[in-house]
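Novice: Predicted model and sequence follow; I will ask about them next.
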Amino acid sequence: MRLRLLVSEAWRSLASNVSTTFAATMTVLVGMFILGLFIALFTWTQSWSNHVKRELVVKVDFKTSGEKGGAATRQQENAVARTIQSNPMVKSVKFVPKAEAFREMQRTHPELTRDLPWNPLPDSFEIVPVKAEDIHAVAKSFEPPPPGVSKVIEGKQLSNRVLTFAHVIDIVFAIGAVVLVLASTLLIANTIRLSIFSRRREIEVMKLVGATNWFVRAPFMIEGLICGFAGSLLAIVLLVLARATVLPAIHYHGFADAPDVHAWAFPLTALILLGMGVGLGAFGSGLTLRRFLRV
């Protein structure tokens, strides 16, 4: 019975203060829409950086017949393979024969291989480290180069850029999430404060006749909860429309070709936004009302 009374009081207040109700709902809508975009962008970018990390490899090229000392022998290649397999930082290793490497180059760059009289490519190992951050240490383990090894290629410049970019993404998301939550809370609290300020006499009377703090606070928190739910729901609708508009363009320009590159599932993002909107609405109302309860 008491809950029904509190809900009816909150609903009556929302209906009688349409302007502040609309302002609070729009504030939640904008905050949750930006947060939804931020979550989608961050999780997609994080997935992309993880995809690129998985493609960072150390390539060990063996000597060919034209180099000093002659082509690497099978025994030398086996010795290098044993060294690689005993390294705890190595996740996987793939042996690429020179014939296979040449066929791949013919497929990807036919203009470079059209007039070649022989296969100049070497046998090689492609090593994937357990962690992308270990790529330099894995490459360093081949210094000095073992017998039969011509060179070790780690793509150092690319790997440094990818790893730096991934760390920057983590920092930006952490800072951005805190700023968005604080800004949304303050905006919602300031908007609801207008409604509470116009009803401060009513609050004072309720306190003077013996109403408890929670009995006074509950209708306002329910108002904030309703505004938060409505604003979050509208933000989700806008995100659905934006998703339907933007995703086809992303696929068209080839930004999502990799099957393992994706943002969080949209239903999960929607649940987060609903929870955040409802929580911020109720919390903002309860926080704002504190000063008016000191009667």
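Specialist: That came in fine, so what should we check first?

Novice: How many residues are close by the residue lying closest to Pro120 once chain neighbours are set aside?
Specialist: Among residues not flanking Pro120 along the chain, Thr64 sits closest, at 6.9 Å (Cβ to Cβ, 6 or more residues apart in numbering). Using the backbone N, CA and C atoms, a C-beta is placed for each residue, glycine as well. Per other Cβ atoms under 10 Å, the neighbour tally for Thr64 reads 17.

Novice: Now do the same contact list for Thr64.
Specialist: Ala71, Lys98, Pro120, Leu121, Pro122, Ser150 (Cβ atoms under 8 Å, 6 or more residues apart in numbering).

Novice: Tell me the buried residues within those residues.
Specialist: The neighbour-count test (16 or more other Cβ atoms under 10 Å) marks Ala71, Lys98, Leu121, Pro122, Ser150 as buried among the contacts of Thr64.

Novice: Which ones among the residues you listed map onto strands?
Specialist: If you go by DSSP state E, these have Ser150 in strands.

Novice: just the buried ones among the contacts of Thr64 now: which is nearest Trp11?
Specialist: Leu121 (75.1 Å; Cβ to Cβ).

Novice: Ramachandran angles for that closest one?
Specialist: Leu121 adopts backbone torsions of phi -80, psi 150, taken as degrees, to the nearest 10.

Novice: And it, what's its pLDDT?
Specialist: We have a pLDDT of 86 for Leu121.

Novice: My guess is it contacts Glu100. True?
Specialist: No: taking contacts as Cβ atoms under 8 Å, Leu121 lies outside contact range of Glu100: 9.2 Å.

Novice: contacting residues for Ser150?
Specialist: Asp61, Phe62, Lys63, Thr64, Glu67, Ala72, Pro122.

Novice: Of all these, the one with the weakest confidence?
Specialist: Among the contacts of Ser150, Glu67 has the lowest pLDDT, at 77.

Novice: Tell me who's in contact with the most centrally placed residue in the chain.
Specialist: Centroid-nearest residue in the chain, with Cα atoms, centre = their mean: Thr43, separated by 2.1 Å. By Cβ under 8 Å, 6+ apart, the residues touching Thr43 are Ala263, Trp264.

Novice: any low-confidence regions in the stretch 1-150 of the chain?
Specialist: Counting by pLDDT under 70, the ranges of the stretch 1-150 of the chain that qualify are 1-3, 5-6, 9-10, 13, 53.
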